[in-house]
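**Student:** Sharing a model prediction with you, sequence too.
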Amino acid sequence: MSDSSGGRLRLGVNIDHVATVRNARGGAYPDPLRAARIAEEAGADGITAHLREDRRHISDADIDGLMEVLGIPLNFEMAATEEMQAIALRHTPHAVCIVPEKREEKTTEGGLEVAREENRLAHFIAPLRRAGCRVSIFIAADRRQVEAAHRIGAEVVELHTGAYCDAHAEGRVQDRDRELEALRDMATHAHGLGLEVHAGHGLTYDTVQPVAAMPEVRELNIGHFIIGEAIFRGLTPAIARMRRLMDEARA
Ligand code: PXP
């Protein structure tokens, strides 16, 4: 069900980069599960974790642990591969977010090319939906992709905010405003089609508010900045400040 009529804007905290720091030494700490529990206590509405094909941050054991300990929904990010589909079907997390994945990229650089792969993706997500997972598709703010995501039967689209955040960081004001406008237009369009709208990637304290203010957006997924900020102020205050900025923008 899609609803922009009120409902608090949800914050999903992405804990991938706690695992990045852990894996830098190959040991057991910092523990992403501990971060997830702290995020839950700090008011996160969900936890997001991306199990990449190369397991560069989150591991299979992390996903097992999250499914066991979390009291809030897990948004399981994954590429559209058979291996990942089998893992998702074994765990049936609350949500599965399908993302593009390239081994050589530092992060998820663009949205999924749904329009070109409609048939394959429609077949790919059908068993996940039958198993009760909410299927979300991570896409650029592009009308073709929004409409294709709707046609394949996704319930949610997550709009990629990376281009907006990059333009902001680089002081490209016109590009930033154009990207924001595209996000606004596609949030409205997707919502009009009955899709639930989420957004994320690269959001910071400086960039979160214009996105949080979009009434159709129901959830933001934020990771790298929060985990980085936690080094300086601690995870609970880092999350609390993001939560406050989101609430202010919404009010
Ligand atoms: N949403 C999706 C679909 C993502 O792939 C990511 C990055 O893993 C995020 C949100 C969070 O992005 P960031 O870590 O830049 O906040």
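**Tutor:** The structure has been received and is ready for your questions. Numbers count the residues shown, from 1 in each chain.

**Student:** Grab the nearest non-local neighbour of the residue nearest the centre of the chain.
**Tutor:** What sits nearest the mean C-alpha location of the chain, by Cα atoms, centre = their mean, is N221, with 4.1 Å. Excluding the flanking residues, the one nearest N221 by Cβ to Cβ, 6 or more residues apart in numbering is G200, at 3.6 Å. Bear in mind the C-beta positions are built from the backbone N, C-alpha and C, glycine included.

**Student:** Would you confirm that that neighbour contacts F225?
**Tutor:** No. G200 lies out of contact with F225 (Cβ atoms under 8 Å); the separation is 10.7 Å.

**Student:** Pick out whichever of these two has more residues nearby.
**Tutor:** More neighbours surround G200 than the other of G200 and F225, with 27 against 20 (other Cβ atoms under 10 Å).

**Student:** For that one, give me the backbone phi and psi.
**Tutor:** Main-chain dihedrals, G200, degrees, to the nearest 10: phi 170, psi 170.

**Student:** list the contacts for it?
**Tutor:** 12, 14, 48, 158-161, 220-222 (Cβ atoms under 8 Å, 6 or more residues apart in numbering).

**Student:** out of these, which touch the ligand?
**Tutor:** 14, 158, 221-222 (Cβ under 6 Å from any ligand atom).

**Student:** Of the residues you listed, which is the most crowded?
**Tutor:** Neighbour count (other Cβ under 10 Å) singles out E158 as the most crowded of those, with 32 neighbours.

**Student:** Show me what the mean pLDDT comes to for the helix or strand that that one is a member of.
**Tutor:** In this assignment (DSSP states H and E), E158 forms part of strand 156-160. Across strand 156-160, pLDDT averages out at 98.

**Student:** Which residues outside that strand are in contact with it?
**Tutor:** For strand 156-160, the external contacting residues (Cβ under 8 Å, 6+ apart) are 95, 97, 108, 110-111, 134-141, 145-146, 149-150, 183, 186-187, 190, 195-201, 217, 219, 221.

**Student:** Can you flag which of these belong to helices?
**Tutor:** 145-146, 149-150, 183, 186-187, 190 (DSSP state H).

**Student:** What parts of this structure come near the ligand?
**Tutor:** Contact residues, the chain versus the ligand (Cβ under 6 Å from any ligand atom): 14, 16, 50, 77, 97, 99, 107-108, 138, 158, 200-203, 221-225.

**Student:** In strands only, show me these.
**Tutor:** 14, 50, 77, 97, 138, 158, 200, 221-222 (DSSP state E).

**Student:** can you pull the buried residues of stretch 243-251?
**Tutor:** 243, 245-246, 250 (16 or more other Cβ atoms under 10 Å).

**Student:** Looking at those residues, which is nearest R37?
**Tutor:** Nearest to R37 among the buried residues of stretch 243-251, counting by Cβ to Cβ, is R243 at 16.7 Å.
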